[in-house]
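[1] Sequence and predicted model, in that order:
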Amino acid sequence: MTIAAACAAALMASQALAATPAKAAAPANKPATAAAAPAAAKPAMSDKAQIEALERGFMAAFSAKNVNRIMSYYDRGGLFVFDVSTPRDHPSWASYKKDWEDFAAENPGPASFKISDLVITVSGDVAYGHSIQGGYTTGKDGKQKPLVVRVTDVYRKTGGRWLIVQEHVSVPIDFATGQPDMMSKP
């Protein structure tokens with residue numbers, strides 16, 4: 001229990017005791033029982049922790065290839081995405097959902113996904129974060145396709161819930177060869 005929670009519990013207990021009329025002493029043959037102090041309220045999850053939970057939920061949804069769950073982490077009303085695949089951008093939630101549906105259809109086998117190096121900055125009801133996201137998918141041919149991408153997200157808290165409103169997914173390019181670095185090693 002934090003000091004603040006302990007102080008709040010003690011204050012609530014003393015206020016409740018002061019507001020309660022005095023009772024007659026307990027009979028000598030029955031021991032008096034102490035009034036239980038109210039339990040301290042469970043501290044609310046911080047905004048950063050809520051966004052970290054969003055990212056963990058996204059990671060699980062990706063590994064399960066559950067497009068509806070994946071899309072539940074994105075704002076339906078104001079989403080814009082630069083994805084690593086074509087087309088160049090997805091200017092709406094519906095467009096990005098179609099991209100995920102196509103991706104799942106092209107990769108029907110097992111998938112695995114992990115997030116590392118997640119950094120989140122929160123400022124009021126807007127936040128941004130960046131991470132390295134990697135794993136593999138399994139194509140129609142049964143072959144695993146590894147991929148590591150860089151992801152930058154912008155989040156907005158609406159109605160008490162954080163959602164992704166903008167996303168940029170990329171891989172570095174080797175300018176000498178013009179080829180993408182699909183494993184994106186540091």
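    That came through fine.
[2] could you pull out the helices for this protein?
    3-19, 47-64, 67-71, 93-106 (DSSP state H).
[3] List the buried residues in the last one.
    Spelled out, it's helix 93-106. 93, 96, 97, 99, 100, 103, 104 (16 or more other Cβ atoms under 10 Å). To be clear about C-beta, it is placed using only N, CA and C from the backbone, and glycine gets the same treatment.
[4] Just put those in TSV and tack on distance to residue 164.
    As requested, those are exported to TSV (distance: Cβ to Cβ, whole Å):
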residue	distance to residue 164
93	10
96	10
97	13
99	14
100	13
103	17
104	18
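[5] Format the residues you listed as a markdown table; extra columns: distance to residue 135 and pLDDT.
    Listed next are the buried residues of helix 93-106 as a markdown table, based on distance: Cβ to Cβ, whole Å; pLDDT from 0 to 100:
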| residue | distance to residue 135 | pLDDT |
| --- | --- | --- |
| 93 | 24 | 97 |
| 96 | 19 | 97 |
| 97 | 21 | 97 |
| 99 | 18 | 95 |
| 100 | 15 | 96 |
| 103 | 13 | 94 |
| 104 | 14 | 94 |
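[6] and which of these is nearest residue 148?
    residue 103 (16.0 Å; Cβ to Cβ).
[7] That closest one and residue 84: what is the separation?
    Here the criterion is Cβ to Cβ, to the nearest Å. By it, residue 103 lies 10 Å from residue 84.
[8] Also residue 68?
    22 Å.
[9] the more surrounded of those two?
    More crowded of residue 68 and residue 84, by other Cβ atoms under 10 Å: residue 84, with 14 against 10.
[10] dump the residue contacts of the more buried one.
    149, 169, 170, 171 (Cβ atoms under 8 Å, 6 or more residues apart in numbering).
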